[in-house]
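Peer 1: after the sequence you'll find the predicted model.
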Amino acid sequence: MSTWLSKSERARTDPAHRVAFESPIPTQIVSNGEYNPPPQTAQQGQVEAALAAAADVEAKRQGVERRQFLRSAAGMAAAFAAMNQVYGPIFRVGKAEAADPDFCTARAERLAGQFIFDVQTHFLHDDFDFKRMLFTRRVAHSWCSSVPVSNDFALYQFENYLQEVFLDSDTDIALLSGAPSETPGREALSNAAMARARALINAHAGSKRLFSHAMIQPRPDSPVKNAIFGLNAARLYGLEDVAKRRPFDADAVSAIKADYKAGGGMRSNLRYGFVHRA
């Protein structure tokens, strides 16, 4: 991730993970470093205040910490309810969902069959050693001091990819992409490496959890132009029937994810980026 903010612009921002309200849905614009984030609007501040007040009440009533409540399905419902309170009845959610974890969990389970296809995911091959790529670690360290500045590429590689894509998110099927390079070894993944990763994950899962792109790298003087596809991703990759049948609901990845959640695995509401300094 690049940081294009000037020194004067950086001086008017703060790391989002330190100062932004840890809500399930952002209550102000968080910049990834490519643009200067605007201040929180009055209505965004009202949503944040309404959600914080609701979270304090419900967390105490349910006997959990506010942070834990906001990470739950009930906390997500409270966030949508807070937006309805400020912007009007936009979302179909009631206060009962935030107040009753069982009711909220039941509704979440009814909606759990929605098909999620992440059409652009990445990791780096094990021998990748282009250290200039590690500038993203320095950027991340500026946002979160617990991220070490080192020559360790582990967070960019296969094991962490598996956790973030298939355990910490609701992704059903992912598409693995690469990035070509004219310098040998500096491509993110070769076509062969993407094919090996695809075969490994699908073999262990017992279903087609991972698809992959094939990179085409024309010569610099080639007249090849990029084609723009506007089709639905599932239709584009021939997955309409898969999205309906959901064969992945009973595969090995689903079983591992169930154990992960049963052991307390839970997403974080921290956001890494820049927010306008209040």
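Peer 2: Looks like it came in fine.

Peer 1: now residue 90: how far from residue 80?
Peer 2: Counting by CB to CB, to the nearest Å, the separation of residue 90 from residue 80 is 8 Å. C-beta: built from backbone N, CA, C; applies to glycine.

Peer 1: typo on my end, residue 264
Peer 2: In terms of CB to CB, residue 264 sits 25 Å off from residue 80.

Peer 1: which one of those two is surrounded by more residues?
Peer 2: Shown here are residue 264 and residue 80; by other CB atoms under 10 Å, residue 80 has more neighbours (19 against 6).

Peer 1: helices or strands up against the helix or strand where that one lies?
Peer 2: Using DSSP states H and E, residue 80 falls within helix 73-87. Applying 3 or more CB pairs under 8 Å, 6 or more residues apart in numbering; DSSP states H and E, one finds that helix 73-87 contacts helix 42-62, helix 66-71, helix 95-99, helix 101-110.

Peer 1: the second one - what's its average pLDDT?
Peer 2: Put plainly, it is helix 66-71. The pLDDT scores in helix 66-71 average 92.

Peer 1: chain center to stretch 263-277, what's the gap?
Peer 2: When C-alpha coordinates are averaged (CA atoms, centre = their mean, to the nearest Å), stretch 263-277 and its chain have centres 10 Å apart.

Peer 1: okay, and for the stretch 101-250 of the chain, where does confidence drop off?
Peer 2: 130-152, 217-236 (pLDDT under 70).

Peer 1: strands of that one, start to end?
Peer 2: Using DSSP state E, counting those that start in this stretch, the strands found in the stretch 101-250 of the chain span residues 117-121, 173-176, 210-212.

Peer 1: buried stuff in the first one?
Peer 2: What it means is strand 117-121. By neighbour count on 16 or more other CB atoms under 10 Å, the buried set for strand 117-121 is 117-118, 121.

Peer 1: strands paired with it, and their directions?
Peer 2: Paired neighbours of strand 117-121 in the sheet (DSSP bridges): strand 173-176 (parallel).

Peer 1: now the shortest one
Peer 2: The sheet places strand 210-212 alongside strand 173-176 (parallel), with pairing taken from DSSP bridges.

Peer 1: residues making contact with the partner strand?
Peer 2: Applying CB atoms under 8 Å, 6 or more residues apart in numbering, the contact partners of strand 173-176 are 115-123, 165-166, 189, 194, 197-198, 208-213, 233, 237, 239, 242, 248.

Peer 1: let me see the contact set for residue 50.
Peer 2: Going by CB under 8 Å, 6+ apart, residue 50 touches 82, 85-86.

Peer 1: please apply the same query to residue 198.
Peer 2: For residue 198, the contacting residues are 176, 210-212, by CB under 8 Å, 6+ apart.

Peer 1: nearest to residue 19, out of those: which one, please.
Peer 2: Taking CB to CB as the measure, residue 176 is the one of the contacts of residue 198 closest to residue 19, at 34.6 Å.
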